[in-house]
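Chemist: With the input below, show me the fold.
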Amino acid sequence: MAKRVTILFLLLLCSISLIDAEKVYAESFFMDCEAAFKLKDFFDKHLDKPRPDQSFRLNNSEFLVIITDTGSVGQGLYFVNVKNNKMEIDDGYALMGVKKEFFGKNQKRYVLLATANLGSGSYSNGYSILNLIPRHNVKPYILYLLFDVSEDPIAGLCGEKRDRFIKDHIKAEAVDSYKILNEDTENVTLVFYIIEENCETLKKRTYAKRFKLVDGIFKQVE
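Modeler: Okay, the predicted model is just below:
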């Protein structure tokens, strides 16, 4: 009886948090709560699919879910339609995680996602942007890559075995840090501080990549 009461309480708590969508979105796009309850039936029917770490409710039947704990394959951002019983990966980059949710002008919401990719001994990582849009096409959101950088997957930057790395890369880069300026305004700006190493001379420099909204899309500016 006590176990049943606890389960009912948790379901009620989750339902209350979903009553006012605007309130939920104000707190966070991605939540663990929905992954545990709203998508439970879908994943119970598809035991072959990896369980999501976080999910975002787009509407009553459509969700975005982030899957990270699957080994070497299957990691990424997925679009799930429980009504049509479909699940498809939305981005080829793996190990995606939510870095920051932030606002632009008129409370326009954006999500900064971290991405990574390892293939044929070449490692790259970067950042993507997710934001909601009016449903003109199949999906009510857009997802696009801001940039990515390449470095030795083990030692970082050019790495210890730079002779092998230099065959495909004259330089290596890594993201040192980032910040978001002018939130809640039309001038919201993403700034990424990049460490660059020349794989021939091993000289390093630090510079900044800046991204501002241009026609609704974050693009790099000088």
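
Chemist: How are the helices of the chain distributed by residue range?
Modeler: 2-19, 21-27, 32-36, 40-45, 162-165 (DSSP state H).

Chemist: which stretch in these is the model least sure about?
Modeler: For the helices of the chain, mean pLDDT drops lowest on helix 2-19, to a mean of 32.

Chemist: Just want the most central residue of this structure.
Modeler: Taking C-alpha atoms, centre = their mean, the centroid of the chain lies closest to L113, which sits 2.8 Å from it.

Chemist: Could you find the closest non-adjacent residue to that one?
Modeler: Spatial nearest neighbour of L113, excluding adjacent residues (C-beta to C-beta, 6 or more residues apart in numbering): S128 at 4.6 Å. Where you see a C-beta, it was placed from the backbone N, CA and C, and this is true even at glycine.

Chemist: burial of the one you found, as a residue count?
Modeler: Look at S128: counted by other C-beta atoms under 10 Å, it has 22 neighbours.

Chemist: Hmm, A116 and it touching each other?
Modeler: No - assessed by C-beta atoms under 8 Å, S128 is found out of contact with A116, at 11.1 Å.

Chemist: Correct me if wrong: S124 contacts A114.
Modeler: No - contact between S124 and A114 fails when scored by C-beta under 8 Å: they sit 11.9 Å apart.

Chemist: Okay, strands next: where are they in the protein?
Modeler: 54-57, 62-67, 76-81, 86-89, 94-103, 109-119, 122-132, 141-151, 171-181, 189-198, 204-214, 217-221 (DSSP state E).

Chemist: Can you lay out those as CSV showing mean pLDDT and distance to F43?
Modeler: Converted to CSV, the strands of the chain look like this (pLDDT from 0 to 100; distance: least, C-beta to C-beta, whole Å):
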stretch, mean pLDDT, distance to F43
strand 54-57, 84, 10
strand 62-67, 85, 9
strand 76-81, 86, 9
strand 86-89, 86, 9
strand 94-103, 81, 18
strand 109-119, 83, 22
strand 122-132, 84, 22
strand 141-151, 88, 21
strand 171-181, 92, 33
strand 189-198, 95, 33
strand 204-214, 96, 35
strand 217-221, 95, 32
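
Chemist: What I need now is those written out in JSON lines, including distance to D44 for each item.
Modeler: Putting the strands of the chain into JSON lines (distance: least, C-beta to C-beta, whole Å) gives the following:
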{"stretch": "strand 54-57", "distance to D44": "15"}
{"stretch": "strand 62-67", "distance to D44": "14"}
{"stretch": "strand 76-81", "distance to D44": "13"}
{"stretch": "strand 86-89", "distance to D44": "13"}
{"stretch": "strand 94-103", "distance to D44": "24"}
{"stretch": "strand 109-119", "distance to D44": "27"}
{"stretch": "strand 122-132", "distance to D44": "27"}
{"stretch": "strand 141-151", "distance to D44": "26"}
{"stretch": "strand 171-181", "distance to D44": "38"}
{"stretch": "strand 189-198", "distance to D44": "39"}
{"stretch": "strand 204-214", "distance to D44": "40"}
{"stretch": "strand 217-221", "distance to D44": "38"}
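
Chemist: Show me the beta-bridge partners of L112.
Modeler: For L112, the beta-bridge partners are K100, I129 (DSSP bridges).

Chemist: Nice, that's everything, thank you.
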